[in-house]
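*Asks:* Give me a model of this one.
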Amino acid sequence: MRKSRSFALALLQFFVVSLFFQSIQTSASLNQRTSTQTLVTPTDGSFSLQPIYLRLQAEEDSNVTFWESIPQNLSDHVATINVNVLSIFVSTSAEKADFYRDAAGNLWLSVTCALKTGDYFGTLAWVSREITAENLTIPDITSFPQDYPDDVKPFLRPGNKIPTEDAAIKQIAQSLSSQDMIQTVKNVLDFVNSTQSYDREKVRILMNGTLSTSDMLDFINDPSVSLRTNISFCFERALLATTILRAAGVPSRTFTNDDLKSWIQVWLPQTGWVAGEVLCISPHTQPLFPRSLSVSIPRMIQNSCDAMFPFTWLPKTKMRVANLTLTNPEEFDINEYGTVLCQPTDSETYESNPGGFSFPIIFEPDIIQASLTFNDSDLIFHVSKGKQSTSRKLTLGVMNDINFEDLRVSFTPVRLNHIIVSLNSFSVQKTQSFDYRIIVPLFIAVPVLLAVTYYWRRKRGKASLHDRGNLISSEKT
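*Replies:* Below is the predicted model of the structure:
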């Protein structure tokens, strides 16, 4: 009997453990990742979807405000680029988030946090881009004007990291100048690209998570230093070219795209702003001037006099630049983000190309995408996987739950302004779903338990009769 109980107990343990591992598998599936998933979501039309990732780690306690430039539409002489900021995931540590636009038209996300040493702060923006026009034709010759428009004059002045009054800079600018603005620009670009070596070590430090600084501009060499050392990376080369061009009387500024690559823009009369390359790759596959923007997502244009980096923070507390690229989905944990800022897409535009206006919220075991659209005054949240989808009209100011397959997406939508909607307390959770696989152990265990019980009961009954016979014989004796 003792053996039968042990065997029955073992079967029950097998059944319970099977159920337990099934529940573990369900609850853990949100955190499973694979490095083979593609990060660029496929689209149906000419739109392309790209992630812009930032992750910093505090190296001291501080109440800090972060600023990060957010891509926006661009229209200059070279190209017209339509940009949609579909979503910006913001760390759960964020206490307040807002937007403001500077004089150059850059859009900045401002986030206030209270961080302890070792805490992380991060953002992940999903941006959709469409090139609607590109023009690489410029005049053969352009004379210097007698005067410049008021909104162009600031881009001739010196500023932080733009030392146009430096003696060496002025001497080089004079030697490269001509009566033709376009020839002057080409001379400067040829000079920068031919004399500067590429600083791979500095790029490695910036991108591999070892950079520790209290100010991103401290990491950037002044143009006078680049000129003396003849080594720089694209951001420093853009500053060097800008400084020389301003000293030569050509309005210029830096331009940075979504993956932190930088080049310059110069202003030409009767033409406007034109892009120029400062980090050439030999042999030349494209002209240095004008530079094509066909694969670019414009992120930040230098604002007037002073140099700027696409992200910064105040006060100048010590931070480690942990990561600037989302190279695989293992780096994305949706539980680290409590706020999602969205720019709703017009419903008709979305219906014409859903893939171009959706962003991923889950990568494993399947990619689950979401999107926020508007129809008149209504906001509609969509969740999809392949051809399967569900939609829900949102109610502002209260918690909204959207169920899709075995997921529940929850958040409280609030309008920050007429453009941006904040999805607060954003979460994605697995819901309880019945898996028929858990019935298999049950079907195996129950018949075996019944058979074993029946067998041991019969055996026990025979043993009891045998014992009773022996007892009667003993009594007779």
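*Asks:* use CA for all of it now, contacts and neighbours both
*Replies:* Will do.
*Asks:* Span of stretch 147-158 from start to end?
*Replies:* Its first and final residues considered, stretch 147-158 spans 18 Å by C-alpha to C-alpha, to the nearest Å.
*Asks:* pLDDT of it, averaged?
*Replies:* Here stretch 147-158 scores 94 as its mean pLDDT.
*Asks:* Going by neighbour count, list what's buried in stretch 404-415.
*Replies:* Buried positions in stretch 404-415, judged by neighbour count with 16 or more other C-alpha atoms under 10 Å: F404, L407, R408, V409, S410, F411, T412, P413, V414.
*Asks:* now stretch 412-431
*Replies:* T412, P413, V414, I420, V421, S422, L423, N424, F426, S427, V428, K430.
*Asks:* residues in contact with the first one?
*Replies:* Listed by C-alpha atoms under 8 Å, 6 or more residues apart in numbering, the contact set of T412 reads L396, G397, V398, M399, N400, S422, L423, N424, S425, F426.
*Asks:* out of those, who's nearest C305?
*Replies:* Set against C305, the nearest of the contacts of T412 by C-alpha to C-alpha is S422 (33.1 Å).
*Asks:* tell me which strands and helices the host helix or strand of the closest one is in contact with?
*Replies:* Counting by DSSP states H and E, the element that carries S422 is strand 421-430. If contacts are counted by 3 or more C-alpha pairs under 8 Å, 6 or more residues apart in numbering; DSSP states H and E, strand 421-430 sits against strand 337-342, strand 407-415.
*Asks:* Using a markdown table, lay out the ones you listed together with distance to P149 and mean pLDDT.
*Replies:* Converted to a markdown table, those look like this (distance: least, C-alpha to C-alpha, whole Å; pLDDT from 0 to 100):
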| stretch | distance to P149 | mean pLDDT |
| --- | --- | --- |
| strand 337-342 | 36 | 93 |
| strand 407-415 | 37 | 95 |
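*Asks:* Just the CA atoms of stretch 171-183, as PDB, please.
*Replies:* Taking Å, rounded to 0.1, in the frame of the first residue of the first chain, the C-alpha atoms of stretch 171-183 are listed here in PDB:
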ATOM      1  CA  GLN A 171      44.200  82.200 -42.400                       C
ATOM      2  CA  ILE A 172      42.900  78.900 -43.900                       C
ATOM      3  CA  ALA A 173      39.500  80.500 -44.700                       C
ATOM      4  CA  GLN A 174      41.300  83.200 -46.600                       C
ATOM      5  CA  SER A 175      43.400  80.800 -48.600                       C
ATOM      6  CA  LEU A 176      40.300  78.700 -49.600                       C
ATOM      7  CA  SER A 177      38.100  81.700 -50.500                       C
ATOM      8  CA  SER A 178      37.200  82.800 -54.000                       C
ATOM      9  CA  GLN A 179      34.700  85.200 -55.600                       C
ATOM     10  CA  ASP A 180      32.300  82.300 -56.100                       C
ATOM     11  CA  MET A 181      30.500  81.000 -53.100                       C
ATOM     12  CA  ILE A 182      30.000  77.500 -54.600                       C
ATOM     13  CA  GLN A 183      33.700  77.200 -55.400                       C
END
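*Asks:* Can you mark which positions in it are buried?
*Replies:* For stretch 171-183, burial by neighbour count (16+ other C-alpha under 10 Å) applies to I172, A173, Q174, L176, S177, S178, M181, I182, Q183.
*Asks:* what about the spatially closest residue to the first one that is not a sequence neighbour, which SS state?
*Replies:* If I follow you right, that is I172. Spatially, and ignoring its direct neighbours in sequence, I172 is nearest to I244 (7.2 Å; C-alpha to C-alpha, 6 or more residues apart in numbering). I244 falls in the helix class when you classify it by DSSP: H, G, I helix; E, B strand; the rest coil.
*Asks:* hang on, the earlier thing: which residues make contact with the strand holding S422 from outside it?
*Replies:* The contact list for strand 421-430 (C-alpha under 8 Å, 6+ apart) reads 26-27, 30, 334-335, 337-344, 406-416.
*Asks:* ok, now with 7 Å
*Replies:* With contacts defined as C-alpha atoms under 7 Å, 6 or more residues apart in numbering, strand 421-430 is touched by 27, 335, 338-343, 406-416.
*Asks:* Name the spans of the protein whose pLDDT lies under the cut-off.
*Replies:* Low-confidence segments of the chain (pLDDT under 70): 1-47, 280-285, 329-331, 432-446, 448, 451-452, 454-477.
*Asks:* what about the helices in it?
*Replies:* Ranges of helices in the chain, per DSSP state H, are 2-28, 167-176, 181-195, 200-207, 223-229, 234-247, 347-352, 439-476.
*Asks:* What is the burial count for E201?
*Replies:* Using other C-alpha atoms under 10 Å, E201 has 11 neighbouring residues.
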